[in-house]
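**Q** Using only what follows, build the 3D model:
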Amino acid sequence: MGKNNAANQEKPTLPSLNPDIRLIGTIDENMLQNYLDQSGKVEGDRPVVLELSTAGGEADTARRLAQDVRMLSQEREVFFLGKTYVYSAGITVMAAVPPSHRFLTRDTLLLIHERRMERTVQLSGALRSSVAVIQDLMAELESGQALERGGFEELVDGSALSVDELMERVMQKDWYMTAEEALSLRLVAGLVG
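**A** Next comes the predicted model:
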(Lines give C-alpha, C1' and ligand atoms only; values in the text may rest on other atoms or scores of the structure.)
Protein backbone atom coordinates (compact mmCIF):
# COMPACT_ATOMS: atom_id res chain seq x y z
CA MET A 1 0.00 0.00 0.00
CA GLY A 2 1.01 3.65 -0.46
CA LYS A 3 1.84 6.23 2.18
CA ASN A 4 -0.53 6.95 5.01
CA ASN A 5 -3.44 9.07 3.78
CA ALA A 6 -3.18 11.26 6.89
CA ALA A 7 0.30 12.33 5.77
CA ASN A 8 -1.16 13.47 2.44
CA GLN A 9 -3.94 15.57 3.99
CA GLU A 10 -3.58 19.32 3.93
CA LYS A 11 -2.71 21.03 7.18
CA PRO A 12 -5.80 22.90 8.45
CA THR A 13 -5.66 26.65 8.05
CA LEU A 14 -7.51 29.58 9.51
CA PRO A 15 -9.70 31.05 6.74
CA SER A 16 -8.92 34.68 7.72
CA LEU A 17 -6.73 36.69 10.07
CA ASN A 18 -9.48 39.33 10.13
CA PRO A 19 -12.03 37.90 12.61
CA ASP A 20 -15.74 38.37 12.05
CA ILE A 21 -16.42 38.42 15.79
CA ARG A 22 -13.95 39.94 18.27
CA LEU A 23 -14.43 39.39 22.01
CA ILE A 24 -11.95 40.97 24.41
CA GLY A 25 -12.29 41.26 28.18
CA THR A 26 -14.23 39.66 30.99
CA ILE A 27 -16.80 37.01 30.13
CA ASP A 28 -20.02 38.48 31.45
CA GLU A 29 -23.44 39.48 30.16
CA ASN A 30 -21.91 42.45 28.30
CA MET A 31 -19.59 40.13 26.36
CA LEU A 32 -22.49 37.79 25.63
CA GLN A 33 -24.52 40.69 24.26
CA ASN A 34 -21.49 41.85 22.25
CA TYR A 35 -21.24 38.35 20.74
CA LEU A 36 -24.95 38.31 19.89
CA ASP A 37 -24.71 41.74 18.25
CA GLN A 38 -21.63 40.86 16.19
CA SER A 39 -22.77 37.36 15.18
CA GLY A 40 -26.11 38.79 14.01
CA LYS A 41 -24.28 41.07 11.57
CA VAL A 42 -22.24 38.31 9.88
CA GLU A 43 -23.60 37.88 6.37
CA GLY A 44 -23.33 35.15 3.77
CA ASP A 45 -22.47 31.52 4.32
CA ARG A 46 -18.68 31.78 4.47
CA PRO A 47 -16.77 30.49 7.50
CA VAL A 48 -16.85 32.67 10.62
CA VAL A 49 -13.73 33.43 12.66
CA LEU A 50 -14.34 34.14 16.35
CA GLU A 51 -11.46 35.86 18.18
CA LEU A 52 -11.24 35.69 21.98
CA SER A 53 -8.88 37.27 24.51
CA THR A 54 -10.06 36.95 28.10
CA ALA A 55 -8.86 36.64 31.66
CA GLY A 56 -12.01 34.64 32.37
CA GLY A 57 -15.25 35.56 34.03
CA GLU A 58 -18.61 34.07 34.85
CA ALA A 59 -18.69 30.30 34.31
CA ASP A 60 -22.39 30.07 33.52
CA THR A 61 -22.27 33.01 31.12
CA ALA A 62 -19.38 31.25 29.37
CA ARG A 63 -21.57 28.14 29.09
CA ARG A 64 -24.31 30.26 27.50
CA LEU A 65 -21.84 31.89 25.11
CA ALA A 66 -20.43 28.47 24.18
CA GLN A 67 -23.95 27.22 23.45
CA ASP A 68 -24.53 30.14 21.09
CA VAL A 69 -21.24 29.35 19.32
CA ARG A 70 -22.36 25.71 18.92
CA MET A 71 -25.68 26.86 17.49
CA LEU A 72 -23.92 29.17 15.02
CA SER A 73 -21.74 26.25 13.93
CA GLN A 74 -24.89 24.35 12.96
CA GLU A 75 -25.53 27.02 10.31
CA ARG A 76 -21.97 27.68 9.16
CA GLU A 77 -18.35 26.69 9.75
CA VAL A 78 -16.93 28.42 12.85
CA PHE A 79 -13.22 28.84 13.62
CA PHE A 80 -11.79 29.92 16.98
CA LEU A 81 -8.78 32.23 17.27
CA GLY A 82 -7.37 32.67 20.77
CA LYS A 83 -5.14 35.71 21.09
CA THR A 84 -2.54 36.25 23.82
CA TYR A 85 -4.61 34.97 26.76
CA VAL A 86 -7.55 32.60 27.03
CA TYR A 87 -8.06 31.91 30.71
CA SER A 88 -10.58 30.09 32.83
CA ALA A 89 -14.11 30.60 31.47
CA GLY A 90 -12.57 31.34 28.06
CA ILE A 91 -11.62 27.66 27.83
CA THR A 92 -15.35 26.84 27.92
CA VAL A 93 -15.91 29.02 24.87
CA MET A 94 -12.89 27.55 23.06
CA ALA A 95 -14.18 24.03 23.75
CA ALA A 96 -17.38 24.81 21.81
CA VAL A 97 -15.33 24.62 18.61
CA PRO A 98 -13.68 21.30 17.62
CA PRO A 99 -9.86 21.11 17.80
CA SER A 100 -9.67 21.02 13.99
CA HIS A 101 -11.09 24.56 13.96
CA ARG A 102 -9.15 26.03 16.92
CA PHE A 103 -6.15 28.29 16.39
CA LEU A 104 -3.98 30.34 18.73
CA THR A 105 -1.51 33.14 18.24
CA ARG A 106 1.98 31.96 19.15
CA ASP A 107 2.05 34.12 22.28
CA THR A 108 -1.20 32.71 23.68
CA LEU A 109 -1.32 31.25 27.15
CA LEU A 110 -4.28 29.07 28.16
CA LEU A 111 -5.38 28.69 31.78
CA ILE A 112 -7.28 25.52 32.61
CA HIS A 113 -8.43 24.93 36.18
CA GLU A 114 -11.18 23.46 38.30
CA ARG A 115 -14.53 25.21 38.43
CA ARG A 116 -14.58 27.53 41.45
CA MET A 117 -17.12 28.70 43.95
CA GLU A 118 -17.01 31.39 46.59
CA ARG A 119 -19.75 31.16 49.16
CA THR A 120 -20.20 31.92 52.82
CA VAL A 121 -22.71 29.68 54.58
CA GLN A 122 -24.17 30.61 57.93
CA LEU A 123 -26.20 28.04 59.81
CA SER A 124 -28.67 29.17 62.40
CA GLY A 125 -31.78 27.58 63.82
CA ALA A 126 -33.11 24.06 63.83
CA LEU A 127 -30.77 21.29 62.78
CA ARG A 128 -33.17 20.01 60.11
CA SER A 129 -33.19 23.43 58.39
CA SER A 130 -29.36 23.48 58.57
CA VAL A 131 -29.24 20.02 57.00
CA ALA A 132 -31.48 21.26 54.18
CA VAL A 133 -29.11 24.19 53.53
CA ILE A 134 -26.12 21.84 53.41
CA GLN A 135 -27.96 19.41 51.11
CA ASP A 136 -28.81 22.25 48.72
CA LEU A 137 -25.17 23.33 48.73
CA MET A 138 -24.02 19.74 48.06
CA ALA A 139 -26.44 19.51 45.13
CA GLU A 140 -24.95 22.71 43.69
CA LEU A 141 -21.40 21.38 44.14
CA GLU A 142 -22.24 18.05 42.52
CA SER A 143 -23.92 19.81 39.60
CA GLY A 144 -20.84 22.03 39.20
CA GLN A 145 -18.54 19.01 39.14
CA ALA A 146 -20.67 17.35 36.46
CA LEU A 147 -20.60 20.52 34.36
CA GLU A 148 -16.84 20.76 34.85
CA ARG A 149 -16.24 17.20 33.65
CA GLY A 150 -18.54 17.69 30.67
CA GLY A 151 -16.66 20.84 29.69
CA PHE A 152 -13.31 19.07 30.02
CA GLU A 153 -14.60 16.19 27.87
CA GLU A 154 -15.63 18.64 25.16
CA LEU A 155 -12.24 20.39 25.35
CA VAL A 156 -10.18 17.21 24.87
CA ASP A 157 -12.48 15.44 22.38
CA GLY A 158 -10.40 14.70 19.28
CA SER A 159 -7.10 15.65 20.92
CA ALA A 160 -4.16 13.60 22.22
CA LEU A 161 -5.20 14.34 25.81
CA SER A 162 -7.70 12.25 27.77
CA VAL A 163 -10.19 13.80 30.15
CA ASP A 164 -8.67 11.80 33.02
CA GLU A 165 -5.17 13.12 32.22
CA LEU A 166 -6.53 16.66 32.09
CA MET A 167 -8.43 16.30 35.36
CA GLU A 168 -5.43 14.77 37.13
CA ARG A 169 -3.30 17.71 36.03
CA VAL A 170 -5.74 20.44 37.05
CA MET A 171 -6.52 18.79 40.38
CA GLN A 172 -2.85 19.24 41.29
CA LYS A 173 -2.65 22.91 40.28
CA ASP A 174 -3.88 25.40 37.69
CA TRP A 175 -2.52 24.53 34.24
CA TYR A 176 -0.97 27.43 32.36
CA MET A 177 -0.52 25.91 28.90
CA THR A 178 1.51 27.52 26.14
CA ALA A 179 0.28 27.64 22.56
CA GLU A 180 3.06 25.22 21.57
CA GLU A 181 1.96 22.76 24.24
CA ALA A 182 -1.68 23.03 23.11
CA LEU A 183 -0.57 22.30 19.55
CA SER A 184 1.55 19.31 20.60
CA LEU A 185 -1.47 17.88 22.47
CA ARG A 186 -3.65 18.53 19.40
CA LEU A 187 -6.01 20.73 21.42
CA VAL A 188 -5.63 23.23 18.56
CA ALA A 189 -5.07 22.80 14.83
CA GLY A 190 -2.40 25.45 14.39
CA LEU A 191 -0.60 28.59 15.49
CA VAL A 192 -0.58 31.96 13.75
CA GLY A 193 1.36 35.19 14.06
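**Q** Following element in sequence after the host helix or strand of residue 164, please.
**A** Secondary structure assignment for residue 164, by DSSP states H and E: helix 163-172. Sequence order places strand 175-178 as the next helix or strand after helix 163-172, per DSSP H and E.
**Q** Now that following strand: buried residues?
**A** Neighbour counts using 16 or more other Cβ atoms under 10 Å place residue 177 of strand 175-178 among the buried residues. For glycine as for every other residue, the C-beta is placed from the backbone atoms N, C-alpha and C.
**Q** just stretch 81-92 next, same as before
**A** Neighbour-count burial for stretch 81-92 flags 81, 82, 83, 84, 85, 86, 87, 88, 89, 90, 91, 92 (criterion: 16+ other Cβ under 10 Å).
**Q** For the last one, which non-adjacent residue is spatially closest?
**A** Just to be clear, that refers to residue 92. Nearest residue to residue 92 in three dimensions, chain neighbours excluded: residue 62, at 4.0 Å (Cβ to Cβ, 6 or more residues apart in numbering).
**Q** you'd agree that neighbour is up against residue 28?
**A** No. With the criterion set as Cβ atoms under 8 Å, residue 62 and residue 28 do not qualify as a contacting pair; they are 9.4 Å apart.
**Q** Okay, helices next: where are they in this protein?
**A** Taking DSSP state H as the test, the helices found in the chain are 5-8, 29-40, 59-75, 89-95, 127-156, 163-172, 179-184.
**Q** I'd like to know how far residue 71 sits from residue 79.
**A** Plainly put, residue 71 is 16 Å away from residue 79 if you go by Cβ to Cβ, to the nearest Å.
**Q** could you give the mean pLDDT of stretch 175-187?
**A** Confidence over stretch 175-187 (mean pLDDT, whole number) is 96.
**Q** still on that earlier bit, who has more neighbours, residue 62 and residue 28?
**A** Here residue 62 and residue 28 are compared on neighbour count by other Cβ atoms under 10 Å; more neighbours surround residue 62, at 26 against 16.
**Q** how many other residues sit next to residue 109?
**A** Using other Cβ under 10 Å, residue 109 is surrounded by 16 other residues.
**Q** That one reaches residue 88, doesn't it?
**A** No. Using Cβ under 8 Å, residue 109 is not in contact with residue 88; the gap is 11.7 Å.
**Q** Need the pLDDT of the residue nearest to residue 167 when sequence neighbours are not counted.
**A** Taking Cβ to Cβ, 6+ apart as the measure, residue 167 lies nearest to residue 152, with 6.2 Å between them; neighbours along the chain are not counted. Reading off the per-residue confidence, residue 152 sits at a pLDDT of 85.
**Q** Hmm, residue 152 is touching residue 162, no?
**A** No. Applying Cβ under 8 Å as the test, residue 152 and residue 162 come out as separate, 9.8 Å apart.
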